[in-house]
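*Asks:* build me a structure from this.
(2 chains)
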There are 2 protein chains.
Amino acid sequence: MALIVQKYGGTSVATIDHIRRVAMGIATTKINGNKVAVVVSAMGGETDRLLNLVSQITNYPSYREQDALVATGEQVCSALMAITLESLGHKAISMLGLQLPLITDDIHTKARIMELKTEKIKQYLNDGIIPVVAGFQGVTSEGRISTLGRGGSDTTAVALAAALQADYCEIFTDVDGVYTADPNICPKARHLEKISYQEMLELAGLGAKVLHSRSVELAQKYQVPLVVKSSFGGDNHTWIVNEEEVMENSIIKGVTLERNVSKISLIRVPDRPGIAHKILSPLADAAINVDMIIQNASIDGYTDFTFTVPTTDLAKAKELVSQVAKEIDAQEMLAANNIVKVSAVGIGIKTNPGVASRMFKSLSGENINIEMISTSEYRISCVIEEKYGELAVRAVHKAFELENGSQEVEKQ
Amino acid sequence: MALIVQKYGGTSVATIDHIRRVAMGIATTKINGNKVAVVVSAMGGETDRLLNLVSQITNYPSYREQDALVATGEQVCSALMAITLESLGHKAISMLGLQLPLITDDIHTKARIMELKTEKIKQYLNDGIIPVVAGFQGVTSEGRISTLGRGGSDTTAVALAAALQADYCEIFTDVDGVYTADPNICPKARHLEKISYQEMLELAGLGAKVLHSRSVELAQKYQVPLVVKSSFGGDNHTWIVNEEEVMENSIIKGVTLERNVSKISLIRVPDRPGIAHKILSPLADAAINVDMIIQNASIDGYTDFTFTVPTTDLAKAKELVSQVAKEIDAQEMLAANNIVKVSAVGIGIKTNPGVASRMFKSLSGENINIEMISTSEYRISCVIEEKYGELAVRAVHKAFELENGSQEVEKQ
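*Replies:* Now for the predicted structure:
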């Protein structure tokens, strides 16, 4: 008998028929003698529907109120799932972030978990009741509803698995695990049976939609074994585990394409010390994630300063940066969202110095111009024009022979 | 400067455009120097959409979970209203039943208010913030979301006005007040400027959709002046006040048609003492409201027993009664929902003994058969076949000359 946390994503619960099928899966897990706690996302499309209502009102909503709004998506789904489980003869109870409670900081729309209390949910589990937790949401110390950012239900599930010391956490989604690239973009993409937390973290952070990055961070930190499965059945799945358990010799593990990227450039900024700080600190205060930063060499005491932000934060970022632009006498502010980020990810990168040039060569072989570059221990990323995004993924995938399973030899 | 509670119903907030218009009305009230607390219903059609999802799963949902589900309708609307008010430059904050908190008993889907705490909301009002309360919902002492029954947002508004000792409570709805009959059914219906709590209570309880009956009860109990206005503008409105303030000599004030009526009959029940209690107590335990009861004269020691319940509770009621039917050896259980209830309401009924016969005569004049009759101090009700419902309303309205304003003479 195991204690399992199961998380079901939006496409898994998109309709009442989907919910019924998922409920039968949960019931089977329970009947097999396990204790099971469930975390659900909103029904597919619901969060977008709610955000669209907001966008009809204003581009600058109160984030606090937007959180109260979108959290209803998961509330609806958790209640429907509990109703369905009860109709199948299993005791079930829906639990909101407020009811667990899952306490967060007060950075609305991207709150971080401070504490997850488990007294109530443990009691339900011990009483044979299936708790159905509304993912994605928490409550601030002020008693306001907060949300953990898009995809935050994964984080709820892993946090819950960690807090309950569950045996493992199953993430049911619309794909049967992690591939070397998005199969919709790259038909030769290959399924991976195991991947390390660190690699998954880079993939998650880079737009591979399988898992929310904070969930992987948490899983690594609390050593929660994580497995990604398809909610539509099939035998494939991907375990996310410690680096030493992966044991394979591939240099890179996958190629990703991130579309939620925009850039802002300040042209002819007087090149004085502290300029970067002055430009970027208002963004940090607004919890906007600045990714790549490029500052051109200074000419005549002036420089150009370019950086990327998520497109979803572009409007807010432009507003903040245009204020700074005046203060620091920049000549002009430009913004563009016709760019994407292509990345190669793998443990092998840190020990194989030739990886970057091999990637650049594959892109130049397709006449794709690289606008910005950034690297980390496990990752090389290039910003390119949006229209070349999918071609670039296929080119890099081919350059590293990722379609070729034989490259990946299990050492044990 | 007054303290005003404003409640906006579903049709007033059916779309983002509606919400924007309502928000401008609220802002005007504030700008005119008043403190204003707002209560909102779900956007028109939303509660039905959610209940329809449930009906796709089961006819016997967990009411606790159904409450958690449908409460999202008001949550969505309160957040959207707060976002809109903030976008217009007014500080606003949404408040759920859980957040006020508005504490109820645990009779899910028709919970009653036990306590409404006002510390937080008073603080917001004193800080110049407009609280936007999600109507219809509360929280049980167990921390579960409860709802007050369809139309319960009116009750939330009046309870809030009472707890805040507001100067008055404005109910904005899709009609501009109370009429002598539903103008859609009876084109000669006349608008009423004032009506007593007691008359309104009978009208509300009988299907005049203007106000939720519990809200009128509460308003009378705590002497909250109540005014019904159209959220689409216009000068008409109806004040609901104490009987002695109405001061008019009309015998009846209005005619109503209630469609949410079904009847259950037990045929050939052995006529033993305690039979009525045995049949009806399971319904009382399930909080199903039994309205009219008829027990035929006993023949050969057997009797027929008929009573009405809301059609919305018919499935549950049939289930409960069919169990009792076996226990008490009833020959058969019949159920029908092709009936309606037509009622005449007015303070004058208790002092004018001829009212009932005048009503019966008007129905027989149209060849309408009366199946069941019940009366109270302020009301005479007849159950008739559904197909005659609208005709009956017009007949009774005409019999009492309600179209004729001169019948209603202000004494002062």
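
*Asks:* residues contacting the residue of chain A most remote from its centre?
*Replies:* Distance to the chain centre peaks in chain A at A:D300, reaching 42.2 Å (criterion: Cα atoms, centre = their mean). By Cβ atoms under 8 Å, 6 or more residues apart in numbering or on different chains, the contact set of A:D300 is empty. No exception for glycine: its C-beta is placed from N, CA and C like everyone else's.

*Asks:* hmm, stretch A:69-83 in reach of chain B?
*Replies:* Yes. For stretch A:69-83, a contact with chain B is found by Cβ under 8 Å from any Cβ of the partner chain, at A:69, A:71-72, A:75-76, A:78-80, A:82-83.

*Asks:* now those residues in JSON lines, with neighbour count and secondary structure?
*Replies:* As requested, the residues of stretch A:69-83 next to chain B are exported to JSON lines (neighbours: other Cβ atoms under 10 Å in any protein chain shown; DSSP: H, G, I helix; E, B strand; the rest coil):
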{"residue": "A:L69", "neighbour count": "28", "secondary structure": "helix"}
{"residue": "A:A71", "neighbour count": "29", "secondary structure": "helix"}
{"residue": "A:T72", "neighbour count": "25", "secondary structure": "helix"}
{"residue": "A:Q75", "neighbour count": "27", "secondary structure": "helix"}
{"residue": "A:V76", "neighbour count": "27", "secondary structure": "helix"}
{"residue": "A:S78", "neighbour count": "31", "secondary structure": "helix"}
{"residue": "A:A79", "neighbour count": "32", "secondary structure": "helix"}
{"residue": "A:L80", "neighbour count": "29", "secondary structure": "helix"}
{"residue": "A:A82", "neighbour count": "30", "secondary structure": "helix"}
{"residue": "A:I83", "neighbour count": "29", "secondary structure": "helix"}
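
*Asks:* from the residues you listed, which is closest to A:E202?
*Replies:* A:A71 (29.1 Å; Cβ to Cβ).

*Asks:* next, A:I288: phi, psi?
*Replies:* When read as degrees, to the nearest 10, the backbone of A:I288 gives phi -90, psi 130.

*Asks:* phi, psi of the spatially closest residue to it that is not a sequence neighbour?
*Replies:* Closest residue to A:I288 apart from its sequence neighbours, by Cβ to Cβ, 6 or more residues apart in numbering or on different chains: A:D313 at 4.4 Å. Main-chain torsions, A:D313, degrees, to the nearest 10: phi -100, psi 10.

*Asks:* OK, contacts around A:D313?
*Replies:* Going by Cβ under 8 Å, 6+ apart, the list of residues near A:D313 reads A:286, A:288-289.

*Asks:* return the residues of the stretch 1-150 of chain A in contact with chain B.
*Replies:* Residues of the stretch 1-150 of chain A lying near chain B (Cβ under 8 Å from any Cβ): A:16, A:19-20, A:50, A:53-54, A:56-58, A:60-62, A:64-66, A:68-69, A:71-72, A:75-76, A:78-80, A:82-84, A:86-87, A:92-94, A:96, A:98-99, A:143-145.

*Asks:* in PyMOL, how would I select just the buried ones from those residues?
*Replies:* To isolate the buried ones among the residues of the stretch 1-150 of chain A next to chain B in PyMOL, judged by 16 or more other Cβ atoms under 10 Å in any protein chain shown, type:
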select buried, chain A and resi 16+19+20+50+53+54+57+61+62+64+65+66+68+69+71+72+75+76+78+79+80+82+83+84+86+87+92+93+94+96+98+99+144+145
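
*Asks:* in helices only, show me the residues of the stretch 1-150 of chain A next to chain B.
*Replies:* A:16, A:19-20, A:50, A:53-54, A:56-57, A:64-66, A:68-69, A:71-72, A:75-76, A:78-80, A:82-84, A:86-87 (DSSP state H).

*Asks:* of the contacts of A:D313, buried ones?
*Replies:* Looks like the contacts of A:D313 have A:I288 buried, using 16+ other Cβ under 10 Å.

*Asks:* please enumerate the helices of chain A.
*Replies:* A:16-31, A:46-57, A:63-87, A:119-126, A:152-164, A:197-205, A:213-221, A:243-246, A:275-285, A:314-327, A:355-364, A:389-399.

*Asks:* tell me which other helices or strands the second one touches.
*Replies:* On a contact count with 3 or more Cβ pairs under 8 Å, 6 or more residues apart in numbering or on different chains; DSSP states H and E, helix A:46-57 meets helix A:63-87, helix B:16-31, helix B:63-87.

*Asks:* so how far is that helix off the chain centroid?
*Replies:* Put simply, helix A:46-57 sits 20 Å off its chain's centre (Cα atoms, centre = their mean, to the nearest Å).

*Asks:* quick one: contacts of it?
*Replies:* In contact with helix A:46-57 (Cβ under 8 Å, 6+ apart) are residues A:10, A:61, A:66, A:69-70, A:72-73, A:76-77, A:150, B:16, B:19-20, B:76, B:80, B:83-84, B:87.

*Asks:* of all the residues in the lowest-mean-pLDDT helix or strand in chain A, which ones are buried?
*Replies:* Using mean pLDDT, DSSP states H and E, the weakest-scoring helix or strand in chain A turns out to be helix A:243-246, at a mean of 81. Buried residues in helix A:243-246, counted by 16+ other Cβ under 10 Å: A:V246.

*Asks:* show me what it is packed against.
*Replies:* Using 3+ Cβ pairs under 8 Å, 6+ apart, helix A:243-246 sits against strand A:194-196, helix A:197-205.

*Asks:* A:I293 is in contact with A:V309, correct?
*Replies:* No. With contact defined as Cβ atoms under 8 Å, A:V309 does not count as touching A:I293 (10.6 Å).

*Asks:* of those two, which one has the most company?
*Replies:* When neighbours are counted by other Cβ atoms under 10 Å in any protein chain shown, A:V309 and A:I293 differ, and A:V309 comes out ahead with 25 against 14.

*Asks:* wait, what's in contact with the more buried one?
*Replies:* Contacts of A:V309 by Cβ under 8 Å, 6+ apart are A:262-264, A:283, A:288-291, A:317.

*Asks:* before we move on, the earlier item: for the residue farthest from the centre of chain A, give its distance to chain B.
*Replies:* Computed as Cβ to the nearest Cβ, to the nearest Å, the A:D300 to chain B distance reads 44 Å.

*Asks:* now the phi/psi pair for that residue, please.
*Replies:* phi 50, psi 30.

*Asks:* need the pLDDT of it.
*Replies:* The model reports A:D300 with a pLDDT of 86.

*Asks:* ok, now A:L211?
*Replies:* Per-residue confidence at A:L211 stands at 87 (pLDDT).

*Asks:* nearest residue to it other than its sequence neighbours?
*Replies:* Closest to A:L211 by Cβ to Cβ, 6+ apart is A:A204, at 4.7 Å.

*Asks:* per-residue confidence at the one you found?
*Replies:* For A:A204, the predicted pLDDT is 76.

*Asks:* for the one 4 residues further on, same thing?
*Replies:* The confidence metric pLDDT takes the value 65 at A:A208.
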